[in-house]
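In: need a structure here:
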Amino acid sequence: MDTIASLFSFITTPVSWVIVQFHKLYGALFGDDTGWAWGLSIVSLVVLIRICLIPLFVKQIKSTRNMQVLQPKMKAIQERYKNDKQRQSEEMMKLYKETGTNPLSSCLPILAQSPFFFALYHVLSSIASGKTIGVIDQPLLDSARQAHIFGAPLAAKFMDSEEKVAALGASLTDVRVVTAIMIVMMSASQFFTQRQLMTKNVDLTVKTPYMQQQKMLMYIFPLIFAVMGINFPVGVLVYWLTTNVWTMGQQMYVINQNPTPGSKAQDQYLGRVLKSVTSHGQVRGRTRRNTVKRIVAKGPDRNDIERKFITGLSKLGLAAQEDGTVAKSEAAVTEAEGGAAPKRQQPKRQTKAKRHTAATQPGTAKDSEPAEPGAKTSLEKHSASQDDKSKPAGKSASGSSRQAKSGQRKGPQRPKHPSKK
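Out: Here you go, the predicted structure:
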């Protein structure tokens, strides 16, 4: 770890200068040699760094979401070119380029923090060794060595010997209790942050290997921090615990205000928006209006959660507009109240046997149907039946119909020759 920290020695002077400036501020409030002054200086360093990294965090969120959306396409490419790794890589790069996705963007905040983390580790290690570093001169070095956080010196580690801890003016028990609690809190915050991302802000409709990978990291990262934490000075534990808490809070805010489409967080968010619209009759807040605007722009490509939100607005007699607002809709009111005119149903198609039976039995199915314009009245039907009776005996309309259907010749039959009787 000392070798890695020495690689970032070029940034130790800026880091030490920032810590000293914050120490002057908090030293005036709590005293120059107190653990509060030095501890809050490290916390303030974390806050300053994380504020500067907010643009990278936004890129990380966008990249993570784009990777989730692209997982089905990536899986299809892997299946299609599973025997050609070079073509598979080319198609992957082409897909990234077309969608503007950078897989490394999700690692940018961690990579950007690494120089500051190792520089702080190098500064605290020098303090523990009694060496001046950066802008920390001998008086500041003596002040930092006297600073304790709940009885543990800033430069003490969990694995330090009792003699080394005693040289810093503390007991080994205090150091190990404080460092153990901080390591547990650091690992727990890391686990909760990853779990919050997996359970609330992941599209549950997409089942890909990416999700399985994230679930593994949810358990692996806390273990890595727990193992590495026993070799971190107390000051570095303060730094890492603070940055984990910041990440957890920052991610919680993003999940609540801009959740991933199709996730559980989006369902909860749109539920809050619908409840607000019910109470105030309008979409309040620019962020919420932008969300409604994106949902309207999707049209038929909306997911089930977004369609549920649009249906909820319809039940209130409202319709989402293209600018993200809502307006009253008469069609939505009629549909919500069930007052829409019932759709005309087409009559069921009868089977061939039923149609044949209806044709051979007058006065059953066909006679029960309502008369249509231009159809014969009952008197006309009666006169038609009288005309049928005037025809030769044994010849009726139904008989003619049966003869026609059976392939016999229509009209009266020619009498047989007397010789053939």
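In: show me where the stretch 101-250 of the chain has strands.
Out: In the stretch 101-250 of the chain, the segments counted as strands under DSSP state E, counting those that start in this stretch are 148-149, 152-153.
In: nearest to residue 184, out of those?
Out: Among those, the nearest to residue 184 by Cβ to Cβ is strand 152-153 (14.6 Å). Every residue, glycine included, has its C-beta placed from N, CA and C.
In: show residues contacting that closest one.
Out: Outside strand 152-153, the residues that touch it by Cβ atoms under 8 Å, 6 or more residues apart in numbering are 128, 145, 147, 165, 168, 169, 170, 174, 175, 178, 179, 234.
In: would JSON lines of the strands of the stretch 101-250 of the chain with distance to residue 288 be doable?
Out: Shown next, in JSON lines, are the strands of the stretch 101-250 of the chain (distance: least, Cβ to Cβ, whole Å):
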{"stretch": "strand 148-149", "distance to residue 288": "42"}
{"stretch": "strand 152-153", "distance to residue 288": "46"}
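In: got the buried residues for stretch 188-199?
Out: Of all the residues in stretch 188-199, those buried under the rule 16 or more other Cβ atoms under 10 Å are 189, 190, 191, 192, 193, 194, 196, 197.
In: skip the chain neighbours and tell me the closest residue to residue 319.
Out: residue 329 (3.8 Å; Cβ to Cβ, 6 or more residues apart in numbering).
In: separation between that neighbour and residue 280?
Out: Distance, residue 329 to residue 280, by Cβ to Cβ, to the nearest Å: 17 Å.
In: more crowded one of those two?
Out: residue 329 (18 against 9; other Cβ atoms under 10 Å).
In: so who does the more buried one touch?
Out: 314, 317, 318, 319.
In: of those, which belong to strands?
Out: 318, 319 (DSSP state E).
In: need the max-distance pair from the contacts of residue 329.
Out: 317 and 319 (8.5 Å).
In: which of the contacts of strand 152-153 count as buried?
Out: When burial is judged by neighbour count using 16+ other Cβ under 10 Å, the buried members of these are 128, 145, 147, 165, 168, 170, 174, 175, 178, 179, 234.
In: got any ranges where the protein has weak pLDDT?
Out: 1-9, 65, 68-69, 71, 102-107, 202-214, 330-350, 352, 356, 358-421 (pLDDT under 70).
In: related to what we said a few turns ago, the contacts of strand 152-153 into JSON lines, with extra columns for distance to residue 55?
Out: What follows is the contacts of strand 152-153, written out as JSON lines (distance: Cβ to Cβ, whole Å):
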{"residue": "128", "distance to residue 55": "35"}
{"residue": "145", "distance to residue 55": "37"}
{"residue": "147", "distance to residue 55": "34"}
{"residue": "165", "distance to residue 55": "41"}
{"residue": "168", "distance to residue 55": "39"}
{"residue": "169", "distance to residue 55": "42"}
{"residue": "170", "distance to residue 55": "41"}
{"residue": "174", "distance to residue 55": "41"}
{"residue": "175", "distance to residue 55": "38"}
{"residue": "178", "distance to residue 55": "35"}
{"residue": "179", "distance to residue 55": "34"}
{"residue": "234", "distance to residue 55": "31"}
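In: beta-bridge partners for the residue lying closest to residue 318 once chain neighbours are set aside, please?
Out: Using Cβ to Cβ, 6+ apart and skipping the chain neighbours, the partner closest in space to residue 318 is residue 326 (4.4 Å). Note on residue 326: beta-bridge partners by DSSP bridges are residue 320.
In: could you verify my assumption that residue 326 touches residue 283?
Out: Yes: counting by Cβ atoms under 8 Å, residue 326 touches residue 283, with 5.8 Å between them.
In: these two: which has the busier surroundings?
Out: Just comparing residue 326 and residue 283: by other Cβ under 10 Å the higher neighbour count belongs to residue 283, 25 against 18.
In: look up the closest residue to that one, ignoring the ones flanking it.
Out: residue 289 (5.1 Å).
In: dump the contacts of residue 329 to a markdown table, plus neighbour count.
Out: Converted to a markdown table, the contacts of residue 329 look like this (neighbours: other Cβ atoms under 10 Å):
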| residue | neighbour count |
| --- | --- |
| 314 | 17 |
| 317 | 18 |
| 318 | 24 |
| 319 | 18 |
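In: spit out the residues that contact residue 326 and residue 283 alike.
Out: Contacts common to residue 326 and residue 283, judged by Cβ under 8 Å, 6+ apart, are 277, 292.
In: ok, now how distant is residue 246 from residue 48?
Out: Distance from residue 246 to residue 48, by Cβ to Cβ: 11 Å.
In: these two: which has the busier surroundings?
Out: Taking neighbours as other Cβ under 10 Å, residue 246 and residue 48 compare with residue 246 leading, 19 against 13.
In: what count of nearby residues applies to the spatially closest residue to that one that is not a sequence neighbour?
Out: Counting by Cβ to Cβ, 6+ apart, residue 50 is the residue found nearest to residue 246 once chain neighbours are left out, at 5.0 Å. Other residues within reach of residue 50, judged by other Cβ under 10 Å, total 19.
In: ditto for residue 263
Out: Going by other Cβ under 10 Å, the residues that sit close to residue 263 add up to 23.
In: helices of the stretch 151-300 of the chain, residue ranges please.
Out: Secondary structure of the stretch 151-300 of the chain (DSSP state H, counting those that start in this stretch): helices at 162-167, 172-200, 209-229, 234-257, 264-280, 286-298.
In: now do the buried residues in the last one.
Out: It refers to helix 286-298. Neighbour-count burial for helix 286-298 flags 288, 289, 291, 292, 293, 295, 296 (criterion: 16+ other Cβ under 10 Å).
In: who are the packing partners of that helix?
Out: If you count contacts as 3 or more Cβ pairs under 8 Å, 6 or more residues apart in numbering; DSSP states H and E, helix 286-298 packs onto helix 264-280, helix 304-315, strand 318-320.
In: also the first one?
Out: Helix 162-167 is packed against helix 172-200, with contacts defined by 3+ Cβ pairs under 8 Å, 6+ apart.
In: check which helices and strands the helix it packs on sits against.
Out: Short answer (3+ Cβ pairs under 8 Å, 6+ apart): helix 172-200 packs on strand 152-153, helix 162-167, helix 209-229, helix 234-257, helix 264-280.
In: and the angle for that helix with helix 209-229?
Out: 170 degrees (axes from the mean of the first three to the mean of the last three Cα atoms, to 10 degrees).
In: so helix 172-200 versus helix 234-257, what angle?
Out: 20 degrees.
In: and residue 223, how many neighbours?
Out: When neighbours are counted by other Cβ under 10 Å, residue 223 comes out with 12.
In: OK, contacts around the residue nearest to it when sequence neighbours are not counted?
Out: The spatial neighbour of residue 223 that comes closest, neighbours along the chain excluded (Cβ to Cβ, 6+ apart), is residue 187 at 7.5 Å. Residues in contact with residue 187, defined by Cβ under 8 Å, 6+ apart, are 222, 223, 225, 226, 229.
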